[in-house]
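# Based on what follows, work out the 3D shape:
(chains A and B)
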Amino acid sequence: MNEMTITNAKYNADRIDGSQNVSINATIDGVTLSVPLDPANRHYAEIMRQVEAGTLTIQEAE
Amino acid sequence: MSKLKVTTISDPDNDNTALTIDSSGNVTASQGFVPSTQLSHRNLIINGNMQVAQRGTSGTANGYNSVDRFRAVASGFDELAITYSQDSDAPDGFSNSYKANVTTSETTVDDYEQLFIEQRIEAQNLQHLSFGTSSAKSITLSFWVKCSETGIATILLYQPDDNRGYCAQYTISSADTWEYKTLTVSGDTVGVIDNDNGVGLYVRFALAVSSAYTGGTKDAWLSYANSNEAVGQTVDVATTGGNFAITGVQLEVGSVATPFEHRSYGEELARCQRYYYKYIEGNAKFIGIGHWWTAIAIDTGITFPVTMRSVPTLVATSGSNYYYILTAGNARYISNSFNLDRSTESSTQMSVDPDVGDTAGRGGMVTSTNASASIAFDAEL
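Below you'll find the predicted structure:
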């Protein structure tokens, strides 16, 4: 119920250590957001829920 | 009924004056005064008088759309359209309300369609309720409501950690009239609210619900079931093109509703900023000192005014020439989106690729240059 519509999810790599991801850019309910990798963040929690459900894929950082 | 007329009350042992009553009825406590419930910070609801609206004064989207900390959800509907707003219509003693105004009616409320307004309370702010123990405390919800429909309306208190809920009814007696309501709910001796920064309790006002939510049991803490969510609700603003407004929302420990605890705008804003922080909006707003990390990449940083609930999401508009960095006599425009880089609950580093490059290591001042520019941080529940 009330799940978010998430598209265009893509990791952002750390500027200094390019091997580490620091956030995910995604369009959530029509708005472009930059989401931290914090399980307490509701956007991140919903992204990971949809990934685990197999309905969302996050692109790797460039 | 009897009446006691005195001007002084003293203790029986030493005759110390404890209370004096003047000719106008004013009472002065001369010794220590120990209340059974706390005198301040009683209200567990944030922005209960709807005075803070960082996102703007109106919106049409599901979720957090205007007044801070309150979210509205219209789930499953086909035709329904609603405008949510921070409205100036309010009862005496208040300046604002949160109003849902149906602009396109729903033909019928079908199975599992529902419309509600709610506030989600952070779990670690609820530990003194002692839920899940034999000492669980009663709580009282009070609020002002104005609705275009008369009938039975409901409140759901939902405790997600243990998936438990309590439905209580109230009656809207007169249409389009501000009415004050109070509901006292016994403490839940079974479900434990975790001591963390997640959701501890939903306080949900139903505006329209399908029959799937109305046929269960009210006035008891139970394992959540759809049928227990809005038991007996008849109020329906969705099919009637109606409206529903609330303000003065207060949830407090105890079985008595005390007067609404008015807080200053600054104090209420700071409480709201733990969950959402509007940093800048509009043209010519300073964002931060930045520097060219590489010839094609800029970093800047922001410190939040209060510690946010979680590491927040960056909510920033972007577009052609929305921002620039002033550096060495030049304005280098920024049309791309900002990205969160290293961030905590207290501060964030943001990165962005400007439209043209410059010398790595050069510093500058990042500023907005468009009326639609906006940067905010979202750590809502």
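# For the stretch 101-250 of chain B, which residues are neighbours of chain A?
Applying Cβ under 8 Å from any Cβ of the partner chain, we find that the stretch 101-250 of chain B lies next to chain A at B:Asn197, B:Gly198. C-beta: built from backbone N, CA, C; applies to glycine.
# Of all residues in the stretch 101-250 of chain B, which one is closest to chain A?
At 5.7 Å from chain A, B:Asn197 is the closest residue in the stretch 101-250 of chain B, using Cβ to the nearest Cβ.
# wait, isn't that residue in contact with B:Met308?
No. Counting by Cβ atoms under 8 Å, B:Asn197 does not reach B:Met308; the two are 9.7 Å apart.
# can you give me the strands in chain A?
Here chain A has its strands, by DSSP state E, at A:6-13, A:21-28, A:31-36.
# could you dump the ones you listed to CSV with mean pLDDT, mean neighbour count and distance to B:Cys167?
Shown next, in CSV, are the strands of chain A (pLDDT from 0 to 100; neighbours: other Cβ atoms under 10 Å in any protein chain shown; distance: least, Cβ to Cβ, whole Å):
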stretch, mean pLDDT, mean neighbour count, distance to B:Cys167
strand A:6-13, 97, 16, 31
strand A:21-28, 97, 22, 31
strand A:31-36, 97, 22, 33
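# still on that earlier bit, could you check which helix or strand contains the residue of the stretch 101-250 of chain B closest to chain A?
If you go by DSSP states H and E, B:Asn197 is not part of any helix or strand.
# And B:Leu115, by the same measure?
Counting by DSSP H and E, the element that carries B:Leu115 is strand B:114-122.
# Given that strand, what are its sheet partners and their directions?
If you go by DSSP bridges, strand B:114-122 pairs up with strand B:70-75 (antiparallel), strand B:199-209 (antiparallel).
# Disregarding flanking residues, what is the spatial nearest neighbour of residue 30?
Chain wasn't specified; assuming chain A. Distances taken as Cβ to Cβ, 6 or more residues apart in numbering or on different chains put A:Thr5 closest to A:Gly30, at 7.5 Å, once the chain neighbours are dropped.
# ah, no, chain B please
In space, B:Ser30 is closest to B:Thr17, 4.9 Å off (Cβ to Cβ, 6+ apart).
# returning to what we had before: and the strands paired with strand B:114-122: which comes nearest B:Ile302?
strand B:70-75 (24.7 Å; Cβ to Cβ).
# What lies in contact with stretch B:35-53?
Residues from elsewhere that reach stretch B:35-53 (Cβ atoms under 8 Å, 6 or more residues apart in numbering or on different chains): B:66-70, B:86, B:90, B:94-98, B:119, B:121, B:125-126, B:139, B:143, B:203, B:246-254, B:258, B:260-262, B:265, B:268-269, B:271-272, B:275.
# Put the buried members of these into a PyMOL selection.
In PyMOL syntax, the buried subset of those is picked out as below (16 or more other Cβ atoms under 10 Å in any protein chain shown):
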select buried, chain B and resi 66+67+68+69+70+86+90+94+96+97+98+119+121+126+139+143+203+246+247+248+249+250+251+252+253+260+261+268+269+271+272+275
